[in-house]
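# no sequence for this one, just the structure:
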């Protein structure tokens with residue numbers, strides 16, 4: 001009984017200290033997607049990514065046209081082809097189809113790498129600005145509304161978007 005009373009007193013003491021400390025926290029929030037969409041570097045990166053994607057699509061289209069032409073030629077002439085020529089044409093079509101599939105997979109990977117290479121520095125710049133604003137303004141936590149499952153934030157949570165825009169020179 002005595003130990004239980006000590007435990008309750010210690011728990012209340014610790015809990016009251018936690019409440020006092022919790023009142024010193026300063027919370028903020030931002031929508032990182034919104035700040036990224038305002039950064040001019042993003043438009044430039046997106047344009048480069050789209051240009052690269054167009055180039056890859058052009059190459060793919062050339063390969064697909066070649067495949068369709070060879071397939072149509074094969075279908076038209078298959079009744080008149082010898083078994084050996086027929087087999088050779090089928091192997092050629094299969095090889096071309098395989099090359100198209102490999103190119104498509106490689107192109108998707110390269111496009112993702114290009115996107116990461118161009119967008120990552122922009123994300124890092126925005127994150128640095130957010131961290132700098134948080135430190136300069138004494139925030140304990142900054143919640144990113146675009147990334148997480150923040151269900152509620154009170155009026156006491158400050159939207160730091162205007163401060164980050166100012167830090168990045170994005171004021172309108």
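Okay, I see it. This structure is a prediction, so every number in the text was calculated from the model and none was measured. Numbers count the residues shown, from 1 in each chain.
# now stretch 137-149, how far from the chain's geometric center?
Offset of stretch 137-149 from its chain centre (C-alpha atoms, centre = their mean, to the nearest Å): 18 Å.
# Over to stretch 122-142?
19 Å.
# just stretch 93-104 next, same as before
With C-alpha atoms, centre = their mean, you get 29 Å for stretch 93-104.
# Listing request: residues of this structure with sub-threshold pLDDT.
For the chain, the stretches with pLDDT under 70 are 1-23, 149-154, 172.
# run the last query once more with 50
1-2, 4-9, 12-13, 18-22 (pLDDT under 50).
# element containing the residue nearest the centre of the chain, please.
Centroid-nearest residue in the chain, with C-alpha atoms, centre = their mean: residue 116, separated by 7.9 Å. Following DSSP states H and E, one finds residue 116 within helix 83-136.
# tell me what that helix is packed against?
With contacts defined as 3 or more C-beta pairs under 8 Å, 6 or more residues apart in numbering; DSSP states H and E, helix 83-136 has these neighbours: helix 32-38, helix 40-77, helix 161-167. Any C-beta I mention is one placed from the backbone N, CA and C, and that applies to glycine too.
# 10 Å - rerun?
Here helix 83-136 touches strand 27-30, helix 32-38, helix 40-77, strand 141-144, helix 161-167, going by 3 or more C-beta pairs under 10 Å, 6 or more residues apart in numbering; DSSP states H and E.
# Format these as TSV; extra columns: mean neighbour count and distance to residue 84.
Below are the helices and strands packed on helix 83-136 laid out as TSV (neighbours: other C-beta atoms under 10 Å; distance: least, C-beta to C-beta, whole Å):
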stretch	mean neighbour count	distance to residue 84
strand 27-30	20	68
helix 32-38	16	59
helix 40-77	13	14
strand 141-144	16	64
helix 161-167	18	69
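# Now do the helix holding residue 116 against helix 40-77: the angle between them, please.
Interaxial angle of helix 83-136 relative to helix 40-77 (axes from the mean of the first three to the mean of the last three C-alpha atoms, to 10 degrees): 170 degrees.
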